[in-house]
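>>> How does the following fold in three dimensions:
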Amino acid sequence: MPKNTEIERKFLVTSDAFKAQATKHYEIEQGYLCKEPAKTIRVRIRDARAFLTIKSGKLREGLAKFEWEREIDLADAQELMNLCLPGAISKTRYIIPAPPYEGQERAWEVDVFHGRLDGRILAEIELGDEREPFTKPEWLGDEVTGLPQYYNANM
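Just a heads-up that it's a prediction; the model follows:
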């Protein structure tokens, strides 16, 4: 897989049974400096760390997207949050280990949204290849990969 490529599958979550399987969780606040179909620029504060992320639309047919992310100074991120477009997101992210594939560790990331999105719960898994098999936990619902209404930038 080329550098800075992200392949993820996203699903609705049907119960909170995932919480018993979580090995850690983070509080996340994120906002967007740019939200266009071809690209997004996101500022994320995760607990006491901060990140700037640039994502593309699709790189080619399929699920692969360009993703560039760098850690930035927390104070800078807090200032950048003031420049973000309306509609910042607040969520708790739970990390649930998934079976490894070809020696590569995998994990489910389950986001429980707060505030105006309270009640929405989404799970995603990043894969090394679009055809990579993975085990679906019992708490996983319908797949929503590729549906724009489930992109964080659109919520």
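>>> low pLDDT regions in the protein?
Flagging of the chain using pLDDT under 70 yields the residue ranges 1-3, 58-62.
>>> Try it again at 80.
1-6, 57-64 (pLDDT under 80).
>>> quick one, helices of it?
74-81 (DSSP state H).
>>> in it, which spans are strands?
Secondary structure of the chain by DSSP state E: the strands cover 5-6, 8-13, 24-36, 39-46, 49-58, 65-72, 89-101, 104-113, 121-126, 140-143.
>>> for the fifth one, packing partners?
The helices and strands touching strand 49-58, judged by 3 or more Cβ pairs under 8 Å, 6 or more residues apart in numbering; DSSP states H and E, are strand 39-46, strand 65-72, helix 74-81. (Each C-beta comes from the backbone N, C-alpha and C, glycine too.)
>>> ok, and for the second one, which residues are buried?
Translated: strand 65-72. 65-67, 72 (16 or more other Cβ atoms under 10 Å).
>>> Is it possible to get JSON lines of those residues that adds distance to residue 22?
Formatted as JSON lines, those follow (distance: Cβ to Cβ, whole Å):
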{"residue": "65", "distance to residue 22": "26"}
{"residue": "66", "distance to residue 22": "29"}
{"residue": "67", "distance to residue 22": "23"}
{"residue": "72", "distance to residue 22": "27"}
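>>> So which of those residues is the closest to residue 52?
Lowest distance from residue 52 to the buried residues of strand 65-72 (Cβ to Cβ) belongs to residue 72, with 5.0 Å.
>>> you'd agree that closest one is up against residue 53?
No: in this structure residue 72 lies outside contact range of residue 53 using Cβ atoms under 8 Å: 10.0 Å.
>>> residues touching the spatially closest residue to residue 77 that is not a sequence neighbour, list them.
Using Cβ to Cβ, 6 or more residues apart in numbering and skipping residues adjacent in sequence, the residue nearest residue 77 is residue 50, 3.2 Å away. Counting by Cβ atoms under 8 Å, 6 or more residues apart in numbering, residue 50 touches 43-44, 71-74, 76-78.
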